[in-house]
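Enquirer: With the input below, show me the fold.
(2 chains)
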Protein chains: 2
Amino acid sequence: MNTANPRDFKAATDTRVLEAINPSSEYFDIPEHEPLRLDGNQLLGPVRVAYQTYGTLNAAKSNAILICHALTGDQYVASPHPLTKKPGWWEVMVGPGKPIDTNRFFIICTNILGGCMGSTGPASINPKTGKHWGLDFPVFTIGDMVKAQVRLIDHLGIDQLFAVVGGSMGGMQVLEWAARYKDRVFAAVPIATAAWHSSQNIAFHEVGRQAVMADPEWAGGRYLELGKVPRNGLAVARMAAHITYLSEEALHRKFGRNLQEISAKSFSFNADFQVESYLRYQGSTFVDRFDANSYLFITRAMDYFDLAAEYGDVLANAFKGTKTRFCVVSFTSDWLYPTRESREIVHALNAVAANVSFVEIESDKGHDAFLLDEPELFATVRGFLNAAAERRGLKR
Amino acid sequence: MNTANPRDFKAATDTRVLEAINPSSEYFDIPEHEPLRLDGNQLLGPVRVAYQTYGTLNAAKSNAILICHALTGDQYVASPHPLTKKPGWWEVMVGPGKPIDTNRFFIICTNILGGCMGSTGPASINPKTGKHWGLDFPVFTIGDMVKAQVRLIDHLGIDQLFAVVGGSMGGMQVLEWAARYKDRVFAAVPIATAAWHSSQNIAFHEVGRQAVMADPEWAGGRYLELGKVPRNGLAVARMAAHITYLSEEALHRKFGRNLQEISAKSFSFNADFQVESYLRYQGSTFVDRFDANSYLFITRAMDYFDLAAEYGDVLANAFKGTKTRFCVVSFTSDWLYPTRESREIVHALNAVAANVSFVEIESDKGHDAFLLDEPELFATVRGFLNAAAERRGLKR
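Expert: Sure thing, here's the model as predicted:
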């Protein structure tokens, strides 16, 4: 592992913890007397929902698009991340004149329940103890993330979202919105996602969780109290996950068997190959911006996701009676959420005669394609949203 | 991680270390004055080669088959493992009347150089220091493993092996034998393997190595001296690797989203899903039989493997002038060494007009298929070896 200067490292941790408790973004506090009833049956409140908005809500409040982020995403979809200072995670997609056009639509993106960028999560302070929640935070689900979003949308006075859009775990939230809150979603765009988490995906998540928990610095989840960080464990988890976000082709094109800036093998355990140092870097930078316990809880929520199971094992039942217009998107080289899992969603929608278009995009970039410069994805989302906006009677 | 009784655990470690130094199997010691010249250019000697044999060598010494084991294999191909007491790792394939028939052939299987079942490796004692080698052991290659095997074959007085057979990393050794020692290999059977290790495979190995090295019990590789074991790190490495040995279909068929013996989700970090407890078990039992430093070194050797690079980046050059008969086998659902990588070997062999047959076997069991009950694999190996034996003039 890269070892940063301990002083810088402490500072990075402090800023990160501060951001978890007191976000740079806007936020809405769900009051204690109106707690969330979680799927695990606990009551949770107060709950902070940190969020960002872009563009302007029209007078009819009919042009709002909720963007749902993926596992390690956040509310900074189209503006710089306060910790890393990097551009928003989906600036290729969201902005003035972009496929999700902030000149036309009002964009809302919340940090999910359980996240670590200001929404209530395991790094937040448990008001009952005055300490970080840690593992005492209740295990939550994708459905619970959406419940928190619903409260924010209520608070903003929006009856119906024009669209809910998201990739990967964001797509799971899109499906949950479309299933549970049918009248409140005019259009839904689930990208590179699935209606249930496969056993291979559960297996990869379990490896990541065990890597975190194996790190003595994790300290049974009480590392924040103790001023520790399970740096190595979380980095290993991220490295393993990162491989699954790429395709073999993408890795091969990017790195092949290229050596680092050395002319021959070092015959050592140095990062001889570029792919090794790339992965080490991915692991190390991730730790500077993400909370290890959040990682445990959110992967758990994804593993638990099974929309069909919630509807008597018949996915179509989840969408019965829907009037929402759907645009389902998958990528050919995505092996985390392969096209066949998108097709299952489409088949279920077809079974209830829903309005659905489906696009499988040819790409060799793997699951990550949904975040990258993919002109066919942009054209698909732009075209679908514009046609839906026409239907909704939104002005150009 | 499962935590074993510390007393049992210590005993398990001791037996394991004893086995690394003083194997239950036969062994041959390459003398100090005839050291191996490793690819990293060090001289290594003395070197112990631990091995097992099955069947009888004929008078002409023309019926010997060398079986090469994979990453975590050993010499106990068709007899019980001295630590786990489990049957040999390829008893479905090797034995009286089996596809590799010990009634007809003389089978040799060595523990590879760098292994931990009695051949010289990082768990062995460095004669210069009197301590376990640990990270001071020289980084070795697939070619170096084969050099040690060549010495044993010389010692046994065998001029030409009737066949060299192996799957996965064993297949890499088969290719190395066929390229470097053409006259000494009558027939070669590389199964579920590749002539070079892909960047995705390097990436997965790097995750495993970082998991081991992140474990404080690894102690810079000096854990044996210190009486420690990097249990958690090695278990995580094994878990990640294990996923790559299976196909998504196999995982789905085996586990689906089935819960453990509980009726509903626990809303905790317990192993709710069967696939989670299966992986944890795989990780935990592996630690009882394998040395963490061996794991580091052997994965490194695999990453370094690139047979084409050794022959001016033209794989065909590796086989120029070969008279060996080849049988190349791949499995449809193997994503670690996909069929296209076997095809590259076949193309190279075709380019030098070698005698080669190629079979892609339909299986949904992933890379692991080569170790499992796969009738088409058995028929292929049996048929190929019998035909080659005919050619070689071996009596039935």
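
Enquirer: mind checking pLDDT for residue A:260?
Expert: Looking at residue A:260, its pLDDT stands at 79.

Enquirer: for it, what are its contacts?
Expert: A:270, A:271, A:272, A:273, A:274, A:276, A:277 (C-beta atoms under 8 Å, 6 or more residues apart in numbering or on different chains). Backbone N, C-alpha and C define where each C-beta goes, glycine included.

Enquirer: ditto for residue A:368
Expert: Residue A:368 neighbours (C-beta under 8 Å, 6+ apart): A:245, A:246, A:250.

Enquirer: What is the neighbour count of the second one?
Expert: I take that to be residue A:246. As a burial measure, residue A:246 scores 28 neighbours (other C-beta atoms under 10 Å in any protein chain shown).

Enquirer: And the nearest residue to it once chain neighbours are set aside, how close does it get to chain B?
Expert: The shortest distance from residue A:246 to any non-neighbouring residue, by C-beta to C-beta, 6 or more residues apart in numbering or on different chains, is to residue A:366 (4.4 Å). Counting by C-beta to the nearest C-beta, to the nearest Å, the gap from residue A:366 to chain B is 10 Å.

Enquirer: any idea what sits nearest the residue most central in space within chain A, other than its immediate chain neighbours?
Expert: By C-alpha atoms, centre = their mean, chain A has its centre lying nearest to residue A:70, at 1.3 Å. Counting by C-beta to C-beta, 6+ apart, residue A:168 is the residue found nearest to residue A:70 once chain neighbours are left out, at 3.9 Å.

Enquirer: quick one: the one you found from residue A:116, how far?
Expert: In this view, residue A:168 and residue A:116 are 18 Å apart by C-beta to C-beta, to the nearest Å.

Enquirer: give me phi/psi at residue A:288?
Expert: Dihedral angles of residue A:288 (phi, psi; degrees, to the nearest 10) stand at phi -70, psi -10.

Enquirer: That one and residue A:16 touch, don't they?
Expert: Yes. Look at residue A:288 against residue A:16 with C-beta atoms under 8 Å: they come within range, at 7.1 Å.

Enquirer: Need the residues touching each of these two.
Expert: Common contacts of residue A:288 and residue A:16 (C-beta under 8 Å, 6+ apart): residue A:83.

Enquirer: Which one's more surrounded, the two?
Expert: Using other C-beta under 10 Å, the more surrounded residue of residue A:288 and residue A:16 is residue A:16, with 21 against 17.

Enquirer: Near the closest residue in space to the more buried one that isn't next to it in sequence, how many other residues are there?
Expert: Spatially, and ignoring its direct neighbours in sequence, residue A:16 is nearest to residue A:83 (6.1 Å; C-beta to C-beta, 6+ apart). Neighbours of residue A:83 under the rule other C-beta under 10 Å: 18.

Enquirer: so how far is residue B:184 from residue A:83?
Expert: Distance from residue A:83 to residue B:184, by C-beta to C-beta: 60 Å.

Enquirer: Likewise for residue A:382?
Expert: Taken as C-beta to C-beta, the span from residue A:382 to residue B:184 is 64 Å.

Enquirer: tell me the secondary structure for the nearest residue to residue A:77 once chain neighbours are set aside?
Expert: Closest residue to residue A:77 apart from its sequence neighbours, by C-beta to C-beta, 6+ apart: residue A:109 at 4.2 Å. Using DSSP: H, G, I helix; E, B strand; the rest coil, the structure places residue A:109 in strand.

Enquirer: so what's residue A:109 bridging to?
Expert: Beta-bridge pairing of residue A:109 under DSSP bridges involves residue A:52, residue A:67.

Enquirer: just how off-centre is the longest helix seen in chain A within its chain?
Expert: Counting by DSSP state H, the longest helix found in chain A is helix A:375-392. Relative to the chain's own centre, helix A:375-392 is displaced by 22 Å; criterion: C-alpha atoms, centre = their mean, to the nearest Å.

Enquirer: List the buried residues for that helix?
Expert: By 16 or more other C-beta atoms under 10 Å in any protein chain shown, the buried positions in helix A:375-392 come out as A:377, A:380, A:381, A:382, A:384, A:385, A:388, A:389, A:392.

Enquirer: just the residues you listed now: which is nearest residue B:209?
Expert: When the buried residues of helix A:375-392 are compared for distance to residue B:209 (C-beta to C-beta), residue A:377 wins out at 35.1 Å.

Enquirer: Is there a neighbour count for the nearest residue in space to that closest one that is not next to it in sequence? I'd like the number.
Expert: Once flanking residues are discounted, residue A:377 sits nearest to residue A:361: 5.8 Å by C-beta to C-beta, 6+ apart. Burial of residue A:361 is recorded as 22 neighbouring residues (other C-beta under 10 Å).

Enquirer: Give the bridge partners for residue A:361, please.
Expert: residue A:331.

Enquirer: so what's it up against?
Expert: For residue A:361, the contact set (C-beta under 8 Å, 6+ apart) comprises A:329, A:330, A:331, A:332, A:369, A:374, A:376, A:377, A:380.

Enquirer: Columns secondary structure, neighbour count and distance to residue A:37 on top of the contacts of residue A:260, output as CSV?
Expert: Below are the contacts of residue A:260 laid out as CSV (DSSP: H, G, I helix; E, B strand; the rest coil; neighbours: other C-beta atoms under 10 Å in any protein chain shown; distance: C-beta to C-beta, whole Å):
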residue, secondary structure, neighbour count, distance to residue A:37
A:270, coil, 12, 53
A:271, coil, 19, 48
A:272, coil, 23, 53
A:273, strand, 25, 50
A:274, helix, 18, 49
A:276, helix, 25, 46
A:277, helix, 17, 47
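
Enquirer: Within reach of chain B, which of the residues you listed are there?
Expert: A:271, A:272, A:273, A:276 (C-beta under 8 Å from any C-beta of the partner chain).

Enquirer: The third one against residue B:202, yeah?
Expert: Yes. In this structure, residue A:273 sits in contact with residue B:202. The criterion is C-beta under 8 Å, and the distance is 5.3 Å.

Enquirer: Now do the shared contacts for these two.
Expert: A:257, B:303.

Enquirer: wait, residue A:322 sits on residue A:356?
Expert: No. Between residue A:322 and residue A:356 there is no contact under C-beta under 8 Å: 9.5 Å.

Enquirer: tell me, what's touching those two both at once?
Expert: Joint contacts of residue A:322 and residue A:356 (C-beta under 8 Å, 6+ apart) are residue A:349.

Enquirer: now, which of the contacts of residue A:368 sits nearest chain B?
Expert: Ranked by distance to chain B (C-beta to the nearest C-beta), these are led by residue A:246 at 7.9 Å.

Enquirer: And that closest one, how far from residue B:203?
Expert: For residue A:246, the distance to residue B:203 equals 8 Å [C-beta to C-beta].
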